[in-house]
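Participant: Okay, sequence plus prediction incoming.
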Amino acid sequence: MIILPAIDIKDGNCVRLFKGDYATVEKVCDTPYKAAEQFKAAGAQYMHMVDLDGAKDATLANADLIIDVAKQSGLKVEVGGGIRDMAAIESYLNNGIDKVILGSAAVKNPDFVIEAVKAFGDKIVVGIDAKNGMVCAEGWIDESEINYIELAKRMEDIGVGQIVFTDIDQDGTLAGPNLKQLDDLVHEVNCRVVASGGVSVLKDIINLAELDVYGAICGKAIYTGNLDLKQAIEITSKI
């Protein structure tokens, strides 16, 4: 299982939210560059970055900064937030980003996801963010009537190979990941599943590895010191 430390960017700052609520924004590191540098020093090979302004406003608000941080870090970076057309995907991939995450588009514009997968294959990841099992979009503000497993199956059917699943109610809470929902998802689709939201301590990482998920995104727990990133990476490399 791979570990993806996370950098969420709002107004150019490295921040975290509580349960996806933009009103709870909290700066957690001096700069995104410093956070990425610390991740690499701990042994990370991957990084997860989100443009929070972009996710909410359907723009590439922090794209230039994200691209530069990724280049400076030397890590393999996946990016989500505000990616709504082929030009946005091409811009990120042509500037060194390893994978792009389509979230709201999976709900609102599945034809776009089909087009993206045909053009870019496994560079396309779909982010499925759910509240009470129902998918949310537009920076988690807009709740749909689609169950997260149903959407995952639809995405698998059109050729998506990797899904990032977030239980919004766990995100930023340090209350542990939603193991039940993740276990159900892993057993319902053959896509690689990356778990996001709620990781607090090393035991959460071990629990996720035992579910056979492909990866785990860790954010707030790293910044608070609850989770030792170096230790988490070392342990998962042996599981």
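Facilitator: Cool, the structure landed.

Participant: what sits against M1?
Facilitator: 205, 208-209, 213-216, 236, 239 (Cβ atoms under 8 Å, 6 or more residues apart in numbering). For glycine as for every other residue, the C-beta is placed from the backbone atoms N, C-alpha and C.

Participant: Now flag whichever of these is closest to T166.
Facilitator: In terms of Cβ to Cβ, no member of the contacts of M1 lies closer to T166 than A216, at 11.6 Å.

Participant: quick one on the thing from earlier: give me the buried subset of the contacts of M1.
Facilitator: Neighbour counting over the contacts of M1 (16 or more other Cβ atoms under 10 Å) leaves 205, 208-209, 213-216, 236 as the buried ones.

Participant: Let's see which of the residues you listed end up in helices.
Facilitator: Within those, residues falling in helices by DSSP state H are 205, 208-209, 236.

Participant: now, the most widely separated pair of these?
Facilitator: L208 and T236 (8.7 Å).

Participant: mind listing the helices for this structure?
Facilitator: Taking DSSP H as the test, the helices found in the chain are 32-41, 52-57, 63-73, 86-94, 104-108, 110-120, 148-157, 179-188, 202-210, 220-224, 229-236.

Participant: Distance to G80 and mean pLDDT added to those, as CSV?
Facilitator: Formatted as CSV, the helices of the chain follow (distance: least, Cβ to Cβ, whole Å; pLDDT from 0 to 100):
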stretch, distance to G80, mean pLDDT
helix 32-41, 15, 98
helix 52-57, 7, 91
helix 63-73, 10, 98
helix 86-94, 10, 97
helix 104-108, 10, 82
helix 110-120, 13, 97
helix 148-157, 14, 96
helix 179-188, 18, 97
helix 202-210, 19, 96
helix 220-224, 17, 95
helix 229-236, 20, 96
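
Participant: Rebuild the ones you listed as CSV, extending it with distance to A23.
Facilitator: Shown next, in CSV, are the helices of the chain (distance: least, Cβ to Cβ, whole Å):
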stretch, distance to A23
helix 32-41, 21
helix 52-57, 12
helix 63-73, 23
helix 86-94, 27
helix 104-108, 20
helix 110-120, 30
helix 148-157, 24
helix 179-188, 25
helix 202-210, 26
helix 220-224, 16
helix 229-236, 28
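
Participant: Of these, which is nearest G127?
Facilitator: The stretch from these with the least distance to G127 (Cβ to Cβ) is helix 104-108; that distance is 7.5 Å.

Participant: Which neighbouring elements make contact with the closest one?
Facilitator: helix 110-120, strand 124-131, strand 134-137, strand 142-147, helix 148-157 (3 or more Cβ pairs under 8 Å, 6 or more residues apart in numbering; DSSP states H and E).

Participant: Quickly list what's touching both of L208 and T236.
Facilitator: Common neighbours of L208 and T236, using Cβ under 8 Å, 6+ apart, are 1, 216.

Participant: mind exporting stretch 181-201 as PDB, just the C-alpha atoms?
Facilitator: This file holds the C-alpha atoms of stretch 181-201, laid out as PDB (Å, rounded to 0.1, in the frame of the first residue of the first chain):
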ATOM      1  CA  GLN A 181     -17.500   1.700   3.400                       C
ATOM      2  CA  LEU A 182     -14.000   1.100   2.100                       C
ATOM      3  CA  ASP A 183     -14.300  -2.700   2.600                       C
ATOM      4  CA  ASP A 184     -17.600  -2.700   0.800                       C
ATOM      5  CA  LEU A 185     -16.100  -0.700  -2.100                       C
ATOM      6  CA  VAL A 186     -13.000  -2.900  -2.400                       C
ATOM      7  CA  HIS A 187     -15.200  -5.900  -2.800                       C
ATOM      8  CA  GLU A 188     -17.600  -4.300  -5.300                       C
ATOM      9  CA  VAL A 189     -15.100  -3.000  -7.800                       C
ATOM     10  CA  ASN A 190     -11.800  -4.100  -9.300                       C
ATOM     11  CA  CYS A 191     -10.400  -0.600  -9.500                       C
ATOM     12  CA  ARG A 192      -7.500   0.400  -7.300                       C
ATOM     13  CA  VAL A 193      -9.000   2.100  -4.300                       C
ATOM     14  CA  VAL A 194      -7.200   4.900  -2.400                       C
ATOM     15  CA  ALA A 195      -8.600   5.700   1.000                       C
ATOM     16  CA  SER A 196      -9.000   9.300   2.100                       C
ATOM     17  CA  GLY A 197     -10.300  10.900   5.300                       C
ATOM     18  CA  GLY A 198     -10.000  10.300   9.000                       C
ATOM     19  CA  VAL A 199      -6.500   8.700   9.200                       C
ATOM     20  CA  SER A 200      -5.200   9.600  12.600                       C
ATOM     21  CA  VAL A 201      -2.600   7.100  13.900                       C
END
